[in-house]
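Undergrad: Need coordinates for the below:
(chains A and B)
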Amino acid sequence: MNLLEHQGKQLLARAEIRSPRGSLVRSADEAAEVAATLGRKVVLKSQVPSGKRGKAGGIAFAEGPDQAKQEAERLLGSYIAGYPVTELLVEQGIDIAHELYLAVLNDPASKGPLVLFSSAGGADIEEINAAAPNKVRSTKVDVLRGLSVTQARELVDGHGFAPSTVGELVNLVFRIYELYREVDAELVEVNPLVITTSGVLLALDSKISLDPGARARHPELVERFGDGPARGTELERRARELGLQFIELDGDVGILANGAGLTMTTLDAVHHYGGKPANFLEIGGDAYTKAVSALRLALDNPRVRSLLVNFCGAFARTDVMTGGVVEAIKELRPEIPVFFSVHGTGEAEAVALLRDELGVEPYENMDDAVRAAVTAAGTAREAARQGTVG
Amino acid sequence: MLVSREENVIVQGITGKQGSFWSERMIECGTSIVAGVSPGKGGRVAAGVPVYDSVAAAVREHRVDVSVLFVPPLAARDGALDAIESGVSKIVLLTEHVPYHDVMQVLAAAAQRGTQVLGPNTAGLVVPGEVSIGILPGFASNIFKPGNIGVISRSGSLGTLMALNLVNAGYGQSAFIGIGGDPILGTTTLDALCTLNDDPRTEAVVLVGEIGGTLEEDASEYIASMDKPVVAFIAGRSAPPDRRMGHAGAIVTGDRGSGDSKVRALTAAGVQVLDVPSQVGAALRSAAQPS
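TA: Next up is the predicted model:
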C-alpha cells in the first residue's frame, strides 16, 4: 500500500525525522490561510501516489497567500499522472544547500533489507544512478542482527559533509531503518533529503509503501490510513471491497481465471489470437470461493461481448469455482456467450456440473476456448457496427 | 530442491481444513508423511499420522527431512523457525501473504543453518509417480506423469496448465518445482535450474516465468552454460506497465523486469520462448524425445 506524501511524513515525524512546516488543505482559501502562517515562500504539492508528480506538474511554488490561492485553484480538481487532485500539502519554502537521497527497501537479490544513500538526490536520481552508478551507495543488512554503525557510517562518510552533519546523518539512517522495520514497510524513501543553507536536515519528500500482508498486525496504521488512496474505476473499487484482483482494460473479451499467473497467460493468449481483453480478474488463492461476485463484476463491464472462463486448479478447486460460476450464470442469465476451459483439481466434478446444470461442454484445451471467445467478441462487435451504420 | 520417496515429511497445520485435505492427497501420491504439527493439538491423529505441538516435539519421535507448512500468514515465521531450529533440512512454505519482513527473517535463519526453503507462496513440488508436496494435483495422471522434463514455475495454476500441456504433447515430468510467486523467495529460478541440471532424470527444462522481478534475467547466464535444452514461457507480456512507487526499485533493478527484458535475456541465452503454453510440445520436439 503506497502512502501519500503527507501520510508518510506523519510516520517520519513519529520517528523524529523533521519535514518542512506545513499543513494539508482541501480548498484554495485554506491554502491561502496556511500560506499566510508560513512566511513569504511556500510550496503546494498535489497529494497523489506517483513518483513522477513533480515532472507531471503537480508541484507549484508561490510567494504570499494570494499567489498560493491562485496556484491551489489551478491544482485542485486537476489530474496529475492520472490521479485527481483533492488535497494539497502546503509547506514552507526551503533554502536548499544540498539534496541527498536515502532509502531502505526489501531487496529480492540479497533476500534482506537494502539501504541506499546518495549525496546527489532529487527528482533525477534514477538518471544520476544510470549515468554514474557509484554515486549511489548501498549496504545489505542482516535482518536478524540489524543495521550496524559501521554500515551506516560507510554510507555517509567521505562525501565532504561537516562532522556534525555526518553524525546527524548516521542517526537519521538508523531512524529510517527502524521505522522501516517497525511499520513492515516495503520501501521508505526520503528524496530529496536536504541540508538547508542553515545546516538543518529535512525530509522534503517521502515515499513509503507498507506491506499489505502485514496489515493485520498494524491496526493503528490501518485505522489511520485506511486502504490507501482510492483510485481506479468504479468496477475496480467494487472489486477491491470484495477482495478481488480486478483491472479494467479497454478490450471486449471478458476474462475470469484463477491465479495471477494463469490469468496473465489468459490475457496473453487473447492477444495472441487477435482479441483484446476487457479485464484482468483472478479468483485464485483465498478468493476461489468468490466466483459469484467475480462473475457479476466481469458482466457489469458494458464493453464485454464474450466471456472466457479459464480454470486450472491446483490449490483452487475447479469444482468449487465452477459451482459458483454456474450459480451466477443461472442468476444473472448473461446475454453474451460464455466459453469454458477447466482443468486440474476437481476437473471431473466441474465438467459434470457444466453439463448437467448449464448444458455446456468445456473446451478440451485452453487455446480453443480462447479462439472461440475472441471470434464471438469479433462477431458481436461487427454486428454492433452494422447496427449502428444501418 | 527435490524430494524422494525415502524422505520423511511432516505437515505443519495438519489439523486445518486445507492441511488435512492435502495431506491425504500427498499420501495418495506416495509421499512419506510421518507426522503433523498443530500447536495445542498434540496427541491427536490427523490424516492417519500422530500430531505434535511443535516440530521440536515431532523430531524427538521421528526422523524428519522435510516440513511442508499449511499455516496462516502471521504464524508462518514462527512455524518455519520452529522447523529450521529443529534441524529439518528442507522446508516448503506454501502460505501466501506472509509479511515480507518475516520472510526475510526466515530466509536469514535458514541460510545460517543451511536449510533449503521452497517458497513462500508456492504450490509445492511434484516428482510424478514418487512424491507430491504441497497443493498440486500430483494425483491427476492427465497432468502429472513420470517423464524427462523438469518444470520450474512461479505460479501454481499456470504451472499446472503447463504440466497438462506437456502430457497432452506426449511428455512427462522428471520434477515440477514451484518456486513461488512472492518477490523474495528461498529458492530462485537459478537455484531450481541448478537442481534440474544436476538431476539425471531431467533431459530438458521448461521454465514458466512471469513479468516483474529479475529471476529470469538473473538465471540467463547460467542457462547459456547448460547442456540441457531450456524452453520458456513468460506470463504477462501483454500487461500494461505497472505503476512503480519511488525510485529505489528502479535504482536496484534498472530497466530489467519487463516481459521484453526477460525475453531478450532468455533468447540471448539460447532459450526458445513460447507465445502460448500450448506451443511447448513443438518447442521440445526438436530438443528432447518423450521417454
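Undergrad: Do a quick rundown of the strands in the stretch 51-200 of chain B.
TA: Assigned by DSSP state E, counting those that start in this stretch, the strands in the stretch 51-200 of chain B fall at B:66-69, B:90-93, B:116-118, B:124-127, B:131-134, B:146-153, B:173-178.
Undergrad: Measure how buried residue 280 is and give me the count.
TA: Using chain A. 20 (other C-beta atoms under 10 Å in any protein chain shown). From N, CA and C alone the C-beta is placed, and that goes for glycine too.
Undergrad: wait, I meant chain B there
TA: When counting by other C-beta under 10 Å, one arrives at 26 neighbours for B:Val280.
Undergrad: which residues does it contact?
TA: B:Met162, B:Asn165, B:Leu166, B:Ala169, B:Val206, B:Val231, B:Phe233, B:Leu274 (C-beta atoms under 8 Å, 6 or more residues apart in numbering or on different chains).
Undergrad: Do I have it right that the last one meets B:Thr267?
TA: Put plainly, it is B:Leu274. No. B:Leu274 lies out of contact with B:Thr267 (C-beta atoms under 8 Å); the separation is 11.7 Å.
Undergrad: More neighbours: these two, which one.
TA: B:Leu274 (20 against 13).
Undergrad: Quick check: which element contains the residue in chain A that chain B sits nearest to?
TA: Using C-beta to the nearest C-beta, A:Gly261 is the residue of chain A that sits closest to chain B, at 2.3 Å. For A:Gly261, the host element (DSSP states H and E) is helix A:260-272.
Undergrad: How about the residues of the stretch 1-150 of chain A by chain B?
TA: For the stretch 1-150 of chain A, the residues in contact with chain B (C-beta under 8 Å from any C-beta of the partner chain) are A:2, A:49-51, A:101, A:103, A:105-109, A:111-114, A:116, A:125-126, A:129-130, A:136, A:138, A:142-144.
Undergrad: Looking at the residues you listed, which are in helices?
TA: Taking DSSP state H, the ones among those that sit in helices are A:Ile125, A:Glu126, A:Asn129, A:Ala130.
Undergrad: which residue ranges form the helices in the stretch 51-200 of chain B?
TA: Using DSSP state H, counting those that start in this stretch, the helices of the stretch 51-200 of chain B run over B:55-61, B:76-85, B:100-113, B:156-168, B:189-198.
Undergrad: so what's the residue in chain B that chain A sits nearest to up against?
TA: Relative to chain A, the nearest point of chain B is B:Ser155 (2.3 Å; C-beta to the nearest C-beta). Contacts here follow C-beta under 8 Å, 6+ apart; on that basis B:Ser155 touches A:Gly259, A:Ala260, A:Gly261, A:Leu262, B:Ala123, B:Gly178, B:Gly181, B:Val208, B:Glu210, B:Ala235.
Undergrad: burial of the closest residue to it other than its chain neighbours, as a residue count?
TA: The shortest distance from B:Ser155 to any non-neighbouring residue, by C-beta to C-beta, 6 or more residues apart in numbering or on different chains, is to A:Gly261 (2.3 Å). A:Gly261 has 30 neighbouring residues, counting by other C-beta under 10 Å.
Undergrad: Do I have it right that A:Gly261 meets B:Phe233?
TA: No. Using C-beta under 8 Å as the test, A:Gly261 is too far from B:Phe233 to be in contact (9.7 Å).
Undergrad: which residues do these two both contact?
TA: Jointly contacting A:Gly261 and B:Phe233 under the rule C-beta under 8 Å, 6+ apart are B:Val208.
Undergrad: Report the contact partners of A:Ile94.
TA: Contacts for A:Ile94 (C-beta under 8 Å, 6+ apart) come out as A:Pro20, A:Val194, A:Thr196, A:Leu202, A:Leu204.
Undergrad: Which among those count as buried?
TA: Buried members of the contacts of A:Ile94, counted by 16 or more other C-beta atoms under 10 Å in any protein chain shown: A:Pro20, A:Val194, A:Leu202, A:Leu204.
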